[in-house]
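> would you be able to build a 3D model of this:
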Amino acid sequence: MDRCRFALFLIFVASLACASDATASAHPIAQANDNRLAAGELKRGTLAVQLEMVETTWYPEQESGPSLSVYAFAEKGKPPQIPGPLVRIPQGTEVRVQIHNSLPVAMFIRGLDSHDDARPEPVLIAAGATADFHFTAQSPGTYYYSARSTKMSIHEIGLLSIIEDLPMGDAPFDIESELAGGFIVDRPGAAPDDRIFIITNWIAGVITPPFREEVVINGKAWPYTERLSYRTGDTARWRLLNASINDHAMHLHGFFFEVTSLGSQDRDHLYSPDQIPHVVTQHLDPGETTSMMWTPDRPGRWLLHCHMAAHMAKQEAWQPADSHPAHATEHNSDGMGGMVLGITVSGPSRSAAPASGAKARQLQLIVRENPATRFVARSYGLRDPGSRSKRKPRSSSVPGCAPGPDSRRAHRNHGRQSTEGTDRRSLAWHRTREL
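Next up is the predicted model:
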C-alpha cells in the first residue's frame, strides 16, 4: 500500500512539472531581428503584409539567460520578432498591411501610413480584432510603426515630466515596450546597401519600485549584440531608429560620421550636401530617427554606443546564475552592457598624418543645463556655439563637438552649478578606447 501511495505521489509531482513546463512554453520565443530581410510579398508595385500582435517570451541577452514576457509583432505564420518585422518598399509602392490583435487589450497603431503632409490619427484595434491599412508610400525616409494601449506616441510618453501622473499604468513601459518595427521608404531604383538598428527599452518599476531597465539594439543587449566588420575604405551607411521612451547620445569611437537625415515616426528631414553635420555623437530624442554615413580609414576594434552611462552599463540584475563570464572576457566588454555594437575594421591604414605647423583650432564650449524628465535625470551638456547644429546638448558625458589633435578649448558655464573641480565624467573630452 505504501508503495502504491508513493507511486501515486511521484505521478502527481510529474504532472505538476509537466503543467509548469507547459505554462512556461505557452508563449512563442521571440527572435532578435537584424533587419536584413523585409516582410511580406512585393509584387507588381504592391506590398502585401500580414502581421499579428502576440505575447512572447523574450531573451534580451543570451538564449539561456533571463527572459521577459512581452508583446511583439509577428509576420503571420512566423515567430515573433523584436524589433517587429521590417517593412521596406520603394517610394510609390502601394502598401496593404493587415494586423490581427491576439492580445487581451486594445492597441493603438501608429506609423503605417503614406508619410505625406497629413498627420493621421492612430488606429485602435480591439482585442481579438483585425484592421487593414491601405496607402501609397509617398516620402522616402526612415520611419517605424508601433503599438501601445495608450493613444500617446512614444515621443509623447518619453517627454512626460517627473510630476505627471501615469493613468496608462506600467504596460506601455514594460510588456508593450517591444511593439515597434522599422518602416523604410527607399528612393525609386535605389539598391538598399545600409544597416538598420532599432533601439527599444523595457522598463519595470516606473510607478512601483524597484526600477529595472533593459536597453537593446535590434532585440539584444551587449555583449550579445551583432558584431560588424568592415575594411578600410568601405562606406558604412546606417539608420538608427529610437523607438524607446529615452533619449540617447549615439557615439562612434574613432571616426567622424555624416548625419544625412534626422526625423521622427511621422516625418524625415533629408539633409542637402551643404547642410550635412560631421559629428562623433548624435543625440536622439524619444521616438527620433537618423541616418548616418562614415568611412573607416584605419584598422582596429571600435564601438558604437549610447554615451549615457546607464545605457552602456551591464545590468547586474539580469545576470543569470549560470551565466558564462568567459563570453564577456572574450570580447573584452569591461563591464559594459546595453546599447553597444562592436565594430572590427581590417585592412591597411588610410589615415593621413596631420599637417605640420597647422594653426590650432579655437573652441569655445557652453555648458547648459537640461531639465529632468520622468526617465532622464537632470544633466549638463557641452556645445560649440560655432557649430551649425541647432540641437541642444543633452548629456553631461557627451561633447557637443570633437577636438582635433591641435585644439585649444575654453568653456563658459550657463548652468546653475560651478564646473570648478569637476571630475572627468562631467567635463572631459571623451578619449577613444579600442576594445
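> looking at the protein, which helix or strand is least sure?
helix 325-330 (a mean of 38; mean pLDDT, DSSP states H and E).
> the very next helix or strand once past it pairs with which strands?
Using DSSP states H and E, the helix or strand that follows helix 325-330 towards the C-terminus is strand 340-346. According to DSSP bridges, strand 340-346 forms sheet pairs with strand 227-231 (parallel), strand 300-306 (antiparallel).
> report the mean confidence score over the first one.
The one in question is strand 227-231. Average pLDDT, strand 227-231: 97.
> and it, what's buried?
Using 16 or more other CB atoms under 10 Å as the test for burial, strand 227-231 gives 228, 230. Placement of C-beta: from N, CA and C, glycine included.
> residues in contact with that strand?
195, 236, 296, 341-347 (CB atoms under 8 Å, 6 or more residues apart in numbering).
> and if we set it to 6 Å?
Under the criterion CB atoms under 6 Å, 6 or more residues apart in numbering, residues 236, 296, 342-347 lie in contact with strand 227-231.
> most neighbours of all those residues, which one?
Pro296 (25 neighbours; other CB atoms under 10 Å).
> nearest residue to it in space, ignoring adjacent ones along the chain?
Val345 (4.3 Å; CB to CB, 6 or more residues apart in numbering).
> against Thr225, how distant is that neighbour?
17 Å (CB to CB, to the nearest Å).
> could I get the buried residue list for stretch 94-112?
Residues 95, 97, 99-101, 103, 107-112 are the ones in stretch 94-112 that count as buried (16+ other CB under 10 Å).
> for stretch 183-202, that is, sorry about that
183-186, 194-202.
> among the contacts of strand 227-231, which two are most distant?
For the contacts of strand 227-231, the maximum inter-member distance is 17.2 Å, found between Gly342 and Gly347 (CB to CB).
> one step back: for Thr208, find the nearest of the strands paired with strand 340-346.
Comparing those under CB to CB, the one sitting nearest is strand 300-306, at 26.1 Å.
> returning to that earlier point: nearest to Gly141 among the buried residues of stretch 183-202?
Nearest to Gly141 among the buried residues of stretch 183-202, with distances taken as CB to CB, is Val185, at 5.6 Å.
> which residues does Ile217 contact?
Taking CB under 6 Å, 6+ apart as the test, what Ile217 contacts is 197, 199, 225, 339.
> the last one: neighbour count?
Counted with other CB under 10 Å, the burial measure for Met339 works out to 28 neighbours.
> give me the pLDDT value at the nearest residue to Phe211 once chain neighbours are set aside.
Leaving out its chain neighbours, the residue that sits closest to Phe211 by CB to CB, 6+ apart is Gly205, at 3.8 Å. Here, the pLDDT recorded for Gly205 equals 86.
> isn't Gly205 right next to Glu213, touching?
No. Using CB atoms under 6 Å, Gly205 makes no contact with Glu213, being 8.6 Å away.
> surely Ile82 and Lys220 touch.
No. Counting by CB under 6 Å, Ile82 stays clear of Lys220, with 8.7 Å between them.
> look at those two and report which has more neighbours.
Ile82 (29 against 19).
> which non-adjacent residue is nearest that one?
Gly219 (3.9 Å).
> just the pLDDT for the one you found.
pLDDT at Gly219 comes out at 97.
> ok, how many other residues are close to it?
Using other CB under 10 Å, Gly219 has 25 other residues around it.
> tell me who's in contact with it.
Gly219 neighbours (CB under 6 Å, 6+ apart): 32-33, 82.
> against which helices or strands is the strand ranked longest in the chain packed?
For the chain, the strand with the greatest residue count under DSSP state E is strand 46-58. Applying 3 or more CB pairs under 6 Å, 6 or more residues apart in numbering; DSSP states H and E, we find strand 46-58 packed against strand 68-75, strand 80-82, strand 94-101.
> what mean pLDDT does the last one get?
It stands for strand 94-101. Here the average pLDDT along strand 94-101 is 98.
> direction included, what does the first helix or strand past that strand going along the chain pair against?
Per DSSP H and E, strand 94-101 leads on to strand 107-110 as the next helix or strand towards the C-terminus. Using DSSP bridges, the strands paired with strand 107-110 are strand 123-125 (antiparallel), strand 141-148 (antiparallel).
> and the ones you listed: which comes nearest Asn246?
strand 141-148 (14.8 Å).
> the closest one: how far from the chain's middle?
Here strand 141-148 is found 12 Å from its chain centre; the criterion is CA atoms, centre = their mean, to the nearest Å.
> quick one, which of Gly205 and Glu213 is more surrounded?
A count of neighbours by other CB under 10 Å puts Glu213 above the other of Gly205 and Glu213, at 22 against 13.
> element containing the more buried one, please.
According to DSSP H and E, Glu213 maps onto strand 212-217.
> run the chain-centre distance for that strand.
Distance of strand 212-217 from the chain centroid (CA atoms, centre = their mean) equals 9 Å.
> again with stretch 341-352
Distance, centroid of stretch 341-352 to centroid of chain: 24 Å (CA atoms, centre = their mean).
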